[in-house]
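> Curious how this folds, go ahead:
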Amino acid sequence: MDTLAVFRSRSDALKISRALTKEKIACATVSTPSALRVGCGLSVVFPRTFVEAVKAAVLRENAASFVGFYPR
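Residues are numbered from 1 along each chain as shown. Alright, predicted model coming up:
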């Protein structure tokens, strides 16, 4: 797993993690690296090959606090 989806809201990070798990996409909720200096402290890490699926989940779940994708 090599890509972080960063959020400003812990609830959005957890919501997306649950949505991806339901879709059987490998993911984990992890601490956002402090070097990024963005977000709420939680990010969702997942394989880069699923970026489009994660984008779709962010839109579908109305995760308005989504900041962006970062390499892990």
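> Return the mean pLDDT over the longest helix belonging to the chain, rounded to an integer.
In terms of residue count, the longest helix belonging to the chain (DSSP state H) is helix 10-22. Model confidence over helix 10-22, given as mean pLDDT, is 97.
> What are the buried residues along whatever helix or strand comes next after that helix?
Later in the chain than helix 10-22, the nearest helix or strand by DSSP states H and E is strand 28-31. Applying a neighbour-count criterion of 16 or more other Cβ atoms under 10 Å, the buried positions in strand 28-31 are Val30. C-beta here means a position set from N, CA and C on the backbone, and glycine is covered the same way.
> In its sheet, which strands sit next to strand 28-31, and in what direction?
As defined by DSSP bridges, the strand partners of strand 28-31 come to strand 42-46 (antiparallel).
> List every C-alpha atom in the strand it pairs with, with coordinates, as CSV.
What follows is strand 42-46 as a C-alpha-only set of coordinates in CSV (Å, rounded to 0.1, in the frame of the first residue of the first chain):
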residue,chain,number,x,y,z
LEU,A,42,-5.8,10.2,10.1
SER,A,43,-5.4,9.1,6.5
VAL,A,44,-6.4,6.0,4.5
VAL,A,45,-3.6,4.1,2.9
PHE,A,46,-4.2,1.9,-0.2
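> buried residues in the longest helix of the chain?
If you call a residue buried by 16+ other Cβ under 10 Å, then helix 10-22 has these buried ones: 12-13, 15-17, 19-20.
> Check those residues against Gly41 and report the nearest one.
When the buried residues of helix 10-22 are compared for distance to Gly41 (Cβ to Cβ), Ala13 comes out closest, at 8.7 Å.
> what's the distance between that closest one and Met1?
Applying Cβ to Cβ, to the nearest Å, the value for Ala13 to Met1 is 15 Å.
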